[in-house]
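Enquirer: how does the following fold in three dimensions:
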Amino acid sequence: MIRSECLKLKNSLGFYLVFLFTLLELLTVPIYLAFGRSHVSMTDLSLMIFLFFPLLVTILSILIFEQESLANHFQEINVNKKSSRIWLSKLIVVDFLLFFPSAMIWIITGVSQAVGQQGMMIATASWLMAIFLNHFHLLLTFIINRGGSMIIAIIEILLIIFASNKVLLAAYWCPIALPVNFMITGRCAYLIAAVGWIVLSTIILVALSKKKIR
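Expert: Numbers count the residues shown, from 1 in each chain. As a prediction, this is how the structure comes out:
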């Protein structure tokens with residue numbers, strides 16, 4: 001199933017969107033940190049890039065949902081007794097794709113800047129945020145329309161800004177803030193809570209997909 005989902009994603013608009021975003025990061029982030037004259041740190045720069053993730057993942061989730069809907073109006077999923085595995089396969093494939101713009105860029109940057117530990121820390125937080133956004137926004141496609149998803153993405157951007165200013169350090173109820181809190185404090189409790197939110201959103205998505213295909 002994973003191989004099938006990889007083939008569906010290949011040459012899709014969503015794939016090229018993520019590829020373009022990753023390419024832009026590779027062409028700007030390492031070079032900016034290496035030659036930039038400002039005092040912007042790698043952590044500060046990563047927080048600025050985090051602001052793009054909600055919109056990027058929202059668009060990607062909508063494209064994936066509509067690709068399946070336009071192809072066969074979910075007939076393949078509806079008649080398949082292993083529909084849960086199909087959705088889980090989609091999530092795994094997209095999660096892996098999001099590794100490149102979220103984690104790979106910071107691993108490369110950390111090594112090039114001789115701060116590998118900080119790079120791994122940012123990469124972990126960044127990928128967890130991207131994974132949560134992927135699972136959460138694919139879940140939203142079953143509940144609200146595209147406009148509603150975009151509005152929620154804008155709200156998530158505002159929450160990232162608040163979290164970067166240490167306003168949401170105690171807000172374990174706000175999953176979008178948890179990776180940011182981890183980067184600021186280094187506390188692993190935020191990572192554990194973020195994983196919990198990812199698991200919860202995945203369970204709800206799988207359960208909802210069995211009952212409601214728009």
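Enquirer: alpha carbons only for contacts and neighbour counts from here, please
Expert: OK.
Enquirer: the helix or strand that contains Phe65: how far from the chain's middle?
Expert: Assigning secondary structure by DSSP states H and E places Phe65 in helix 53-72. Chain-centre distance of helix 53-72: 13 Å, with C-alpha atoms, centre = their mean, to the nearest Å.
Enquirer: and what of stretch 161-180?
Expert: 16 Å.
Enquirer: over to stretch 109-116?
Expert: With C-alpha atoms, centre = their mean, you get 23 Å for stretch 109-116.
Enquirer: pull out the buried residues from that stretch.
Expert: Thr109, Gly110, Gly116 (16 or more other C-alpha atoms under 10 Å).
Enquirer: correct me, but the second one touches Met121?
Expert: Spelled out, it's Gly110. No. Under the criterion of C-alpha atoms under 8 Å, Gly110 is not in contact with Met121, lying 9.5 Å apart.
Enquirer: and the helix or strand where Leu138 lies, how far out from the chain middle?
Expert: Using DSSP H and E, Leu138 falls within helix 116-140. Relative to its chain's centre, helix 116-140 lies at 5 Å (C-alpha atoms, centre = their mean).
Enquirer: now swap in stretch 24-41 and tell me
Expert: Relative to its parent chain, stretch 24-41 has a centroid offset of 22 Å by C-alpha atoms, centre = their mean.
Enquirer: picking up where we left off before, got the CA positions of the helix holding Phe65 in CSV?
Expert: Extracted C-alpha coordinates of helix 53-72, given in CSV (Å, rounded to 0.1, in the frame of the first residue of the first chain):
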residue,chain,number,x,y,z
PHE,A,53,4.4,25.2,7.6
PRO,A,54,0.6,25.6,8.4
LEU,A,55,-0.2,27.0,5.0
LEU,A,56,2.1,24.5,3.2
VAL,A,57,0.7,21.5,4.9
THR,A,58,-2.9,22.7,4.6
ILE,A,59,-2.5,23.1,0.9
LEU,A,60,-0.8,19.7,0.7
SER,A,61,-3.6,18.0,2.7
ILE,A,62,-6.3,19.6,0.5
LEU,A,63,-4.5,18.4,-2.6
ILE,A,64,-4.2,14.9,-1.4
PHE,A,65,-7.8,14.7,-0.3
GLU,A,66,-9.1,16.1,-3.6
GLN,A,67,-6.8,13.8,-5.6
GLU,A,68,-8.4,10.8,-4.1
SER,A,69,-11.9,12.3,-4.5
LEU,A,70,-11.5,13.2,-8.1
ALA,A,71,-9.8,9.9,-9.1
ASN,A,72,-12.6,7.6,-8.1
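Enquirer: what's the angle between it and helix 116-140?
Expert: 40 degrees (axes from the mean of the first three to the mean of the last three C-alpha atoms, to 10 degrees).
Enquirer: please, where are all the helices along this structure?
Expert: In the chain, the helices defined using DSSP state H lie at 2-9, 13-35, 42-50, 53-72, 75-79, 83-99, 105-112, 116-140, 146-164, 178-185, 188-211.
Enquirer: possible to save those as JSON lines with mean pLDDT?
Expert: Putting the helices of the chain into JSON lines (pLDDT from 0 to 100) gives the following:
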{"stretch": "helix 2-9", "mean pLDDT": "74"}
{"stretch": "helix 13-35", "mean pLDDT": "87"}
{"stretch": "helix 42-50", "mean pLDDT": "89"}
{"stretch": "helix 53-72", "mean pLDDT": "82"}
{"stretch": "helix 75-79", "mean pLDDT": "55"}
{"stretch": "helix 83-99", "mean pLDDT": "85"}
{"stretch": "helix 105-112", "mean pLDDT": "88"}
{"stretch": "helix 116-140", "mean pLDDT": "93"}
{"stretch": "helix 146-164", "mean pLDDT": "94"}
{"stretch": "helix 178-185", "mean pLDDT": "93"}
{"stretch": "helix 188-211", "mean pLDDT": "89"}
